[in-house]
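# quick one, fold the following:
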Amino acid sequence: MTILITGATGNVGRHLVQELHAAKQPVRALTRDPARAGLPAGVDVRAGDFTDFASLEAALEGVTAVHLLTTFGPGNTTVPRARDLVDAAVKAGVRRVTLLWNGYTGPVEEAVEDSALEYTHLRPGEFMSNALGWAEQIRAEGVVREAYGEVGHSPVDVRDIAAVAALALTEDGHAGRAYTLTGPEVLTVPQQVAAIAAAVGREVRYEAEAPEDAKARMRAMGIEADAADYVLDWRANPPEFARQVFTTVADVTGRPARTFAEWARDHAEAFR
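Residues are numbered from 1 along each chain as shown. I've put the predicted structure just below:
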């Protein structure tokens, strides 16, 4: 059973490829630049892009399960030709699909639900790995500047998302499920900063940032204006589920979701 991972070098995709490869599952990884993918030896790495439909059709040949992004790129662009893509997957013999949302249900989810595919929705809230965006500030100044930092979120480790996805792609019993994925605690930005400080063994302080300054900072990082507005709105007014703790990771994998403190210790070098 060959499993195709779209977005294979992304936050979740890279860990999902590693998880499946370690479990001896045949994995095909789709990425724009295979030469720079840095994926484990033995993984079938293919060049492809959501804007190049022919590359998607080629990657689907001989595949029976797919991990599918619903948006892509820095602007969180909706995957185009969703129904054509789903039709191509069905024609290729794909049976199972996991769908990684971006905070809302869109054309890709609708097309999959209208098909005969066995689908599982993966609905994470904020990624713990988003905190890597603070690394430069922490290394240079020992500070994190963020807007709406006092609003609590329940961030999830992307490794836990990948673990749930791997099981949904390889086991029965997940079809038609919508998995809300969070970490085990609701945290504010100052609390996350404190966990990073403890992990790196140095003082790191939090400074509240005006929303307009936060947007300017994201724009300077190459994030498009609409995407920056979406991120700020999510931080200011997260959906109700993102302010709660769900036990889905433990329910599906049989082990607790990782804490932010664990994540910070595992990524401490990025902040030193």
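# test my guess that Ala268 contacts Ala198.
No - in this structure, Ala268 is not within contact of Ala198 by CB atoms under 8 Å, at 9.4 Å. The C-beta positions use only the backbone N, C-alpha and C, and glycine is treated the same way.
# now Leu20: how far from Ala165?
9 Å (CB to CB, to the nearest Å).
# I should have written Ala210 there, sorry.
From Ala210 to Ala165 the distance is 37 Å (CB to CB).
# same question for Arg258.
Arg258 sits 15 Å away from Ala165, going by CB to CB.
# give me the more crowded residue out of the two.
Remark: of Arg258 and Ala165, Ala165 carries more neighbours, 28 against 19, as counted by other CB atoms under 10 Å.
# tell me which helix or strand that one sits in.
Element membership of Ala165, judged by DSSP states H and E, is helix 158-170.
# what packs against that helix?
On a contact count with 3 or more CB pairs under 8 Å, 6 or more residues apart in numbering; DSSP states H and E, helix 158-170 meets helix 11-22, strand 63-69, strand 96-100, strand 118-124, strand 178-181, helix 248-253.
# if we use 6 Å, what do you get?
Using 3 or more CB pairs under 6 Å, 6 or more residues apart in numbering; DSSP states H and E, the elements in contact with helix 158-170 are helix 11-22, strand 96-100, strand 118-124, helix 248-253.
# can I get these in JSON lines with distance to Trp234?
Putting the helices and strands packed on helix 158-170 into JSON lines (distance: least, CB to CB, whole Å) gives the following:
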{"stretch": "helix 11-22", "distance to Trp234": "16"}
{"stretch": "strand 96-100", "distance to Trp234": "16"}
{"stretch": "strand 118-124", "distance to Trp234": "12"}
{"stretch": "helix 248-253", "distance to Trp234": "20"}
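# and Trp234, that one's in a helix?
Yes - assessed with DSSP: H, G, I helix; E, B strand; the rest coil, Trp234 lies in a helix.
# if I look at Trp201, how far off is Asp266?
No Trp there; residue 201 is Gly. 15 Å.
# do the same with Glu110
Taken as CB to CB, the span from Glu110 to Asp266 is 37 Å.
# more neighbours: Gly201 and Asp266, which one.
Counted by other CB under 10 Å, Gly201 and Asp266 do not tie: Asp266 has more neighbours, with 14 against 8.
# need the contact list for Leu20.
By CB atoms under 6 Å, 6 or more residues apart in numbering, the contact set of Leu20 is 3, 27, 166.
# what's across from the closest residue to it other than its chain neighbours in the sheet?
Nearest-residue entry for Leu20: Val27, 4.8 Å, with adjacent residues in sequence omitted and distances by CB to CB, 6 or more residues apart in numbering. In this entry, Val27 is beta-bridged to Ile3, by DSSP bridges.
# ok, Val27 touching His21?
Yes - the pair Val27 / His21 is scored as a contact, 5.3 Å apart, by CB atoms under 6 Å.
# which of these two has more neighbours?
The neighbour count for Val27 versus His21, taken as other CB under 10 Å, is higher for Val27 (27 against 18).
# and which of the contacts of Leu20 is nearest Glu118?
Ile3 (13.2 Å; CB to CB).
# looking at it, that closest one is touching Val63, isn't it?
No - counting by CB under 6 Å, Val63 is not a contact partner of Ile3; they are 7.0 Å apart.
# sorry, back to before: so what's the residue nearest to Leu20 up against?
Val27 sits in contact with 3, 17, 20-21, 43, where contact means CB under 6 Å, 6+ apart.
# so how far is Gln18 from it?
Val27 is 9 Å from Gln18, where distance means CB to CB.
# how about the helices in the protein?
Remark: helices assigned in the chain by DSSP state H are 11-22, 53-60, 82-92, 107-113, 135-141, 158-170, 189-200, 211-220, 225-236, 248-253, 260-266.
# out of those, which is the most enclosed?
Mean neighbour counts were compared across the helices of the chain using mean count of other CB atoms under 10 Å; the top stretch is helix 158-170, at a mean of 24.
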